[in-house]
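In: Got a predicted structure here, sequence first:
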Amino acid sequence: MWQLELLGSGCSPPRLLLLVYGSLCALGESGRHRIPFLVWIQSPEHPTDDAFSLRYFHEHRARFSYVTHGKVAANYGTQHIDRCSYCLFVTEYFTRTPRKLNAFNSFASVELFHFNVPDDTMMAVWNLITFKEQGGTFGDSCPNRNVTVYFRSGAPPVINPLFTRFPRDTVVPGSFAVTLTWTLPNRTTGAFNVTSPLPGDWFLAAHLPKDEGKISVKGLSEECQYLFQPQLIVQRLIGISVLYPGYFIDQMIPVHNRSVLYNTKNKSSDSCPVVLKIRARAPPVHNSSALDCREWNPCELDTLVPAWEQWYYILVERYLSNSDVYFRIGVQVTDCSKSNLSKDQSQPSSSMNMPQSFGTAMGFSLSETLSVAALPSLSQNASRLHTSEDSIIYLNPTADTNKCWPIRPTLRNELDTFSVHFYVFFGPNISIPPDKAAVFAINLMPVLDSGGVLNMELKLNMSTLKGANVTVFGCLNHGVPLFLRENSSLKCESESVAGFFLSVNTSANITKLRIPYPQTGTWYLSLRSLCATQHGFEACSNVTAEVYMRAYLTPCINDCGTYGQCKLLRTNNYLYAACECKAGWDGWGCTDNSEAYSYSFQLLSTLLLCLSNLMFVPPVAIAIRSHYLLEASVYIFTMFFSTFYHACDQPGIVVFCIMEYDVLQFCDFLGSLMSVWVTVIAMARLKSIIKQVLYLLGAMSLSMALQLDRHGLWNLLGPSLFALGIMAVAWTVRTIRRRRCYPPTWKRWVFFLFPGTMIATSAVALYAFVETEENYFYIHSIWHMLIAGSVGFLLPPRAKPDAKVTPLKRRRGCGYQLCVNEHEELGLVDPAIISINSICTS
């Protein structure tokens with residue numbers, strides 16, 4: 001039977017009963033009569049060779065199953081007959097665009113793919129294609145790196161390839177993993193098969209192994225790219241029969257595996273040579289709930305905790321025999337229907353003024369919708385069976401009012417993306433009576449809520465216990481609630497339902513639970529207060545416990561803590577959040593400090609990166625002493641912004657930012673490139689006007705290049721080569737004019753140019769080939785000191801004035817003189833009194 005509890009206008013079914021009556025099972029031939037149902041036959045696994053399947057929709061809202069009449073023809077996909085002689089399958093194909101894979105550091109570095117598996121899928125095959133690229137061509141020379149792919153139904157997979165510690169009170173949902181190895185130089189494929197997969201959302205996460213953390217200069221070499229493309233092929237069965245709740249129908253499995261329905265007369269048999277299997281949401285598999293009908297008469301498969309609002313698939317497999325097998329099959333449910341009240345006489349439900357109610361699962365009773373003729377009983381369940389004229393048997397629904405407990409919905413309040421609070425009506429303090437459970441429903445929106453973290457907190461109010469040793473147990477389950485009984489095992493799981501256990505008592509009155517990437521749909525929290533006795537936990541007497549409940553969604557766990565950053569990511573139209581850790585911290589919530597940097601190390605690294613810029617003080621002094629004031633101002637600019645950029649760029653808590661990070665980074669990169677530019681241009685010893693024009697053009701060009709790409713190789717290499725070209729041309733011209741090498745003295749080459757060049761070359765080599773994430777602190781500090789030291793060696797000395805060169809005297813030439821009388825221009829001329837003062841200009 002199927003018993004339901006209401007959610008608003010719905011109720012909770014704790015039981016579903018599937019029956020195959022042995023008294024109606026027969027072997028051999030009989031009269032045949034086709035009825036308008038669609039059935040399908042499947043070649044079963046051991047121990048049968050034929051199978052018959054039906055589908056039944058189990059739902060606790062006002063909706064009813066329907067029966068499809070006639071054959072269903074598909075106008076898409078590939079139709080073919082597989083594993084049976086009369087089955088109709090549809091093959092559908094889905095693919096995704098190839099994406100570049102990254103080395104795993106956190107979940108923010110994985111590539112996530114989203115698929116949707118249709119209903120009635122018998123087989124899903126993921127074809128996993130991985131190939132290499134290098135410089136736009138096939139990457140045959142790229143090293144082989146294994147690709148790991150994770151699969152999960154309903155939500156993204158929660159993975160932990162580095163085996164780090166999860167935050168406290170965090171549960172980890174399970175997932176499947178496949179590792180792809182390379183079979184060809186530049187391409188490999190793999191397959192992942194799922195028989196009878198759950199319909200709906202499926203997520204794939206792919207990544208490369210963690211690398212050594214080398215910091216490569218963009219554009220220095222052709223990067224090896226590993227591209228991953230998943231493809232999904234599903235084989236979907238169409239035309240599955242639908243069973244009405246409360247009815248028996250006659251069926252037959254033919255010896256030749258034909259999809260035909262028969263109406264048989266009543267024939268007796270000791271047992272049915274069939275195996276009965278049932279599964280929610282998808283067709284049964286080898287480990288689904290099963291019952292051998294040869295050992296039971298009648299053959300009844302009882303599902304105590306059925307899923308809500310889901311299709312149930314029923315598979316009947318026959319044993320090896322040379323005869324047809326006739327049987328009668330039906331589904332009986334136990335619900336909370338008000339059988340003693342008719343629809344017109346029933347009073348308004350309490351759900352109209354309270355957020356909880358009891359009532360019929362579909363808003364009406366089965367007896368009100370299906371006409372039933374009272375005919376003779378057929379078995380020991382005669383009191384519950386009635387037969388209609390067309391040999392379809394109807395079962396009167398029964399109810400167990402002791403299991404009909406109210407379910408209180410929650411109010412959803414959306415604050416932001418993955419920031420949702422669920423409020424309980426008349427809460428947040430919840431009173432839990434001693435004789436029954438308090439059940440709450442939390443609805444997560446499809447796709448929208450599965451990319452965050454579901455948080456649950458319970459706090460026991462100690463003042464309401466009256467000194468009793470009360471423990472409040474809670475079960476958080478997806479799809480259907482589970483109830484703890486007194487003197488029973490304290491677990492929130494069953495054969496088909498997984499759940500999470502919570503408890504609060506006088507010694508630990510606070511508990512928390514975090515579920516990263518929860519499945520969407522309805523989650524049920526069942527709370528029951530029990531008292532500890534010598535015989536175990538029993539129902540309390542006259543003690544009503546009060547619990548404070550808080551349920552909410554967050555993007556990340558504790559906002560990734562102090563040493564992490566919560567990032568909102570997107571793949572196509574699907575949003576999800578993940579933590580990106582720093583300062584050596586790891587884990588899903590950046591709480592694993594097994595490899596974390598200590599505070600002293602963070603302080604030392606920050607001081608080393610900042611104080612190493614003081615090496616620019618000697619070049620500044622040399623530039624000022626040599627009257628290179630523009631160059632000295634550039635060095636001061638570089639020293640200042642490099643110091644404060646690295647003080648702001650630290651991964652830990654030793655961080656100091658005087659302005660926005662992006663501004664500091666831009667100024668640091670611009671100062672570094674300008675220092676190289678002005679130093680090389682100064683070495684060329686150009687005329688002052690030409691030098692100033694080149695300085696201005698260099699500043700504008702470098703600003704534009706940095707705005708386009710701050711990490712590109714040509715941002716550093718291009719200006720340096722162009723400046724070196726200008727210097728080489730200037731030195732060549734001087735060498736030709738003077739007929740000797742420039743610079744003229746060997747001491748300048750040996751003690752200044754050669755050491756400065758070697759120091760600068762060593763700095764570039766360290767920056768390009770040696771620097772990694774682990775040695776960044778001291779290698780980059782050495783880079784600062786070497787670059788500043790090379791400037792002190794390469795900056796040319798002050799130009800000495802030539803004593804032989806004298807200012808040219810003004811050349812007298814042909815021309816004219818214009819004499820202007822000042823007083824006449826001012827209108828003050830009086831020829832009779834004032835003498836004339838003339839100013840002559842030429």
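Out: Arrived safely.

In: so what's V90 bridging to?
Out: Under the criterion DSSP bridges, V90 forms beta bridges with Q79, R236.

In: So it is in contact with R236, correct?
Out: Yes - under the criterion of Cβ atoms under 8 Å, V90 makes contact with R236 at 4.8 Å. To be clear about C-beta, it is placed using only N, CA and C from the backbone, and glycine gets the same treatment.

In: which helices and strands does the longest helix belonging to the chain pack with?
Out: For the chain, the helix reaching the highest residue count under DSSP state H is reported as helix 713-738. Judged by 3 or more Cβ pairs under 8 Å, 6 or more residues apart in numbering; DSSP states H and E, the packing partners of helix 713-738 are helix 661-683, helix 688-708.

In: any low-confidence regions in this protein?
Out: Across the chain, the ranges flagged by pLDDT under 70 are 1-87, 217-221, 250-271, 320-321, 335-404, 485-489, 800-842.

In: residue closest to the middle of it?
Out: Y576 (4.5 Å; Cα atoms, centre = their mean).

In: Spatially nearest residue to it, not counting backbone neighbours?
Out: G451 (3.1 Å; Cβ to Cβ, 6 or more residues apart in numbering).

In: With respect to burial, which of the helices and strands packed on helix 713-738 scores highest?
Out: Of all the helices and strands packed on helix 713-738, helix 661-683 has the most neighbours on average by mean count of other Cβ atoms under 10 Å, namely a mean of 20.

In: now that helix against helix 713-738, angle please.
Out: 10 degrees (axes from the mean of the first three to the mean of the last three Cα atoms, to 10 degrees).

In: by contact count, what packs against helix 661-683?
Out: Secondary-structure packing of helix 661-683 (3+ Cβ pairs under 8 Å, 6+ apart): helix 629-648, helix 688-708, helix 713-738, helix 776-794.

In: for the second one, packing partners?
Out: Taking 3+ Cβ pairs under 8 Å, 6+ apart as contact, the helices and strands that helix 688-708 lies on are helix 661-683, helix 713-738.

In: Throw those into TSV and include distance to E309, thanks.
Out: Shown next, in TSV, are those (distance: least, Cβ to Cβ, whole Å):
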stretch	distance to E309
helix 661-683	49
helix 713-738	58
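
In: What lies in contact with the helix or strand containing S503?
Out: Per DSSP states H and E, S503 falls inside strand 499-504. Here strand 499-504 makes contact (Cβ atoms under 8 Å, 6 or more residues apart in numbering) with 171, 456, 458-460, 471-478, 482, 490-493, 510-511, 513, 515, 547.

In: what's around L243, how many residues?
Out: Look at L243: counted by other Cβ atoms under 10 Å, it has 21 neighbours.

In: hmm, I was thinking of P273
Out: P273: 21 neighbours (other Cβ under 10 Å).

In: now swap in the one 5 residues further on and tell me
Out: When neighbours are defined as other Cβ under 10 Å, I278 has 24 of them.

In: circling back: if I take the helix or strand following the strand holding S503 and strand 499-504, what angle do their directions form?
Out: Toward the C-terminus, strand 499-504 is succeeded by strand 510-516 as the next helix or strand (DSSP H and E). Orientation check (the same axes, to 10 degrees): strand 510-516 against strand 499-504 gives 160 degrees.

In: OK, contacts around the residue nearest to F752 when sequence neighbours are not counted?
Out: Among residues not flanking F752 along the chain, F793 sits closest, at 5.1 Å (Cβ to Cβ, 6+ apart). Listed by Cβ under 8 Å, 6+ apart, the contact set of F793 reads F752, L753, P755, G756, I759.

In: Assign a three-state SS to the third one, would you?
Out: Read that as P755. helix (DSSP: H, G, I helix; E, B strand; the rest coil).

In: Give me the nearest residue to it, chain neighbours excluded.
Out: In space, P755 is closest to F793, 5.2 Å off (Cβ to Cβ, 6+ apart).

In: how close does that neighbour get to A684?
Out: Counting by Cβ to Cβ, to the nearest Å, the separation of F793 from A684 is 16 Å.

In: got the buried residues for stretch 717-728?
Out: Across stretch 717-728, burial judged by 16 or more other Cβ atoms under 10 Å covers P719, S720, F722, A723, I726, M727.

In: What is the most widely separated pair among the residues you listed?
Out: P719 and M727 (12.4 Å; Cβ to Cβ).

In: So the residue lying closest to G213 once chain neighbours are set aside versus F644, what's the distance?
Out: Setting aside the residues directly before and after it, G213 is nearest to E773 in space (Cβ to Cβ, 6+ apart), at 3.6 Å. As for E773, its distance to F644 is 22 Å (criterion: Cβ to Cβ).

In: Looking at those two, which is more packed in?
Out: Ranked by neighbour count (other Cβ under 10 Å), E773 and F644 place F644 first, with 19 against 14.

In: Touching, that one and V655? I think so.
Out: No - here F644 lies out of contact with V655, judged by Cβ under 8 Å, at a distance of 11.0 Å.

In: where do the strands sit along the stretch 501-650 of the chain?
Out: 510-516, 521-533, 536-539, 545-554, 564-571, 574-581 (DSSP state E, counting those that start in this stretch).

In: closest one to F228 among these?
Out: strand 564-571 (12.6 Å).

In: Which positions within that closest one qualify as buried?
Out: G564, Q565, C566, K567, L568, L569, T571.

In: can you put the residues you listed in JSON lines and add distance to R625?
Out: Formatted as JSON lines, the buried residues of strand 564-571 follow (distance: Cβ to Cβ, whole Å):
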{"residue": "G564", "distance to R625": "49"}
{"residue": "Q565", "distance to R625": "46"}
{"residue": "C566", "distance to R625": "52"}
{"residue": "K567", "distance to R625": "50"}
{"residue": "L568", "distance to R625": "54"}
{"residue": "L569", "distance to R625": "54"}
{"residue": "T571", "distance to R625": "59"}
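
In: I'd like to know which of these is nearest to R99.
Out: Of those, the one sitting nearest to R99 (Cβ to Cβ) turns out to be T571, at 8.6 Å.

In: Surely that closest one is in contact with E111?
Out: Yes - between T571 and E111 there is a contact under Cβ under 8 Å: 7.5 Å.

In: Helices along this structure, start to end?
Out: Using DSSP H, helices in the chain cover 366-369, 599-611, 617-625, 629-648, 661-683, 688-708, 713-738, 746-748, 754-765, 776-794, 822-826.

In: In TSV: those, plus distance to H535.
Out: Output for the helices of the chain, formatted as TSV (distance: least, Cβ to Cβ, whole Å):
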stretch	distance to H535
helix 366-369	41
helix 599-611	53
helix 617-625	82
helix 629-648	64
helix 661-683	64
helix 688-708	76
helix 713-738	76
helix 746-748	99
helix 754-765	77
helix 776-794	63
helix 822-826	124
